[in-house]
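# Below is the sequence, then the predicted model.
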Amino acid sequence: MHGSIVARRAAGGWLSSAARGLWRCERGVDFVEMVIVAPVLLALSFGILELGHALSRAHAMSSISREGANIAARGTDLDTVLAVTMLNGASIGLDDRGGTVVSRIRVESGVPTVQEQVASSGYSTRSQLGLVDSVATRLTGVSLADGQELYAVELFYDHQKLTPLSRLVGSIVPDTMYDFAIF
């Protein structure tokens, strides 16, 4: 009987040693899995953060441009609309990282023409609708009534990346974001 206890201890000692070796091996596998999965999870997290930040800015720009165009359509002069739009854009840093163009457009013979335009500093020639006395190119092909007067607010924003992800996989979000609203 004494011999069988010794044999069991010897067997148990051998098994625990093998189990310890197997556990060490599994710790190595866990480390390799972490090395493979961590960069993917980090890139995914950075992508979600970057995209969320850009969508937040795009939503704010949309609201600001709509509010500015709505104010202009109510008869407010364009300089005041520009000032209000830039003031509302302070929450996203529009005064530091972007600008605004406010335009009055009149439709004559079915052609939308920019009649008047004001812009924040540095943005006087950046309008994507068109410059004064030119056709509002973005509105061609849209059914508009002769004599109709429209007001447009364009916002430009130099998006600042938050993460190094854009350097690794290219640009997810454009460097300059653009939004416009017409009333």
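Looks like it came in fine. Numbering: from 1, shown residues only.

# Can you find the helix or strand in the protein with the smallest mean pLDDT?
Using mean pLDDT, DSSP states H and E, the weakest-scoring helix or strand in the chain turns out to be helix 165-169, at a mean of 64.

# I'd like to know how far the residue nearest the centre of the chain sits from residue 175.
In the chain, the centroid-proximal residue (C-alpha atoms, centre = their mean) is residue 54; its distance is 1.6 Å. In this view, residue 54 and residue 175 are 11 Å apart by C-beta to C-beta, to the nearest Å. Any C-beta I mention is one placed from the backbone N, CA and C, and that applies to glycine too.

# can you list residues touching both of those two?
residue 159 (C-beta atoms under 8 Å, 6 or more residues apart in numbering).

# on that earlier part again, so is the residue nearest to the centre of the chain in a helix, a strand, or just coil?
At residue 54 the chain is in helix, as set by DSSP: H, G, I helix; E, B strand; the rest coil.

# what about the residue nearest to it when sequence neighbours are not counted, which SS state?
Using C-beta to C-beta, 6 or more residues apart in numbering and skipping the chain neighbours, the partner closest in space to residue 54 is residue 173 (4.0 Å). What three-state DSSP gives for residue 173 is coil.

# Looks like residue 173 contacts residue 159 (just checking).
Yes. Using C-beta atoms under 8 Å, residue 173 is in contact with residue 159, at 5.6 Å.
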